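**Q** Sequence and computational prediction follow.
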Amino acid sequence: MRILVIDGQGGRLGRKLLESALKTCPEAEITAVGTNSTATGNMMNSNCADHLATGENAVIVACRSAQVIIGPFGIATADALMGEISPAMANAVASSAAYRILIPMNLCNTYVAGVAAGSAAILEDAMQHLRQITDGRTDR
């Protein structure tokens, strides 16, 4: 299983996702891509990724071979994350053949209805879903 974690800004969510994904799927090949060097550096400090990269082209290239893409909802939305997600990056995520697990965030003038649970509950739900798809127990 090839898992791609994408995050921007400070990379805090990406780091938590990497740590959780490694615990959930220790056999997976995990790639982390930050939209900026700070995000990549924070994810690198988790010591959970097999591969690390930064920037627009890295997102585009990594989306081609990923089987699962995990990150904040904004990675599939042009100009999200305070403008860090370019239209090309959003298109690469949205058009990838990979299965996407997107974490809802109520940030940057966007309200995601139904997101009443805290981030810990949302992360646990995302990892439970990752377990299900890696075990082949859900429809794609």
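**A** Yep, it's here.
**Q** Leaving out chain neighbours, which residue sits closest to the most centrally placed residue in the chain?
**A** By C-alpha atoms, centre = their mean, the mean C-alpha position of the chain lies nearest to residue 71, the distance being 2.2 Å. For residue 71, ignoring the flanking residues on the chain, the nearest one in space by C-beta to C-beta, 6 or more residues apart in numbering is residue 6 at 4.0 Å. Every C-beta, even on glycine, is put in place using the N, C-alpha and C of the backbone.
**Q** send the alpha carbons of the helix or strand harbouring that neighbour over as PDB?
**A** Element membership for residue 6, per DSSP states H and E: strand 2-7. Provided in PDB are the C-alpha atoms of strand 2-7 (Å, rounded to 0.1, in the frame of the first residue of the first chain):
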ATOM      1  CA  ARG A   2       1.400   3.400  -1.000                       C
ATOM      2  CA  ILE A   3       0.100   6.200   1.200                       C
ATOM      3  CA  LEU A   4       0.600   9.900   0.500                       C
ATOM      4  CA  VAL A   5       0.200  12.400   3.200                       C
ATOM      5  CA  ILE A   6      -0.100  16.100   2.000                       C
ATOM      6  CA  ASP A   7      -0.100  19.100   4.300                       C
END
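**Q** where does the residue nearest to the centre of the chain land on pLDDT?
**A** At residue 71, the pLDDT value in this model is 95.
**Q** next one: residue 140
**A** 49.
**Q** Kindly report the same for residue 116.
**A** pLDDT, residue 116: 63.
**Q** again, but for the one 5 residues further on
**A** We have a pLDDT of 77 for residue 121.
**Q** What ranges does the protein have for its strands?
**A** 2-7, 29-34, 51-54, 68-72, 99-103 (DSSP state E).
**Q** so who does residue 61 touch?
**A** residue 53 (C-beta atoms under 8 Å, 6 or more residues apart in numbering).
**Q** next one: the one 4 residues further on
**A** Residues in contact with residue 65, defined by C-beta under 8 Å, 6+ apart, are residue 2.
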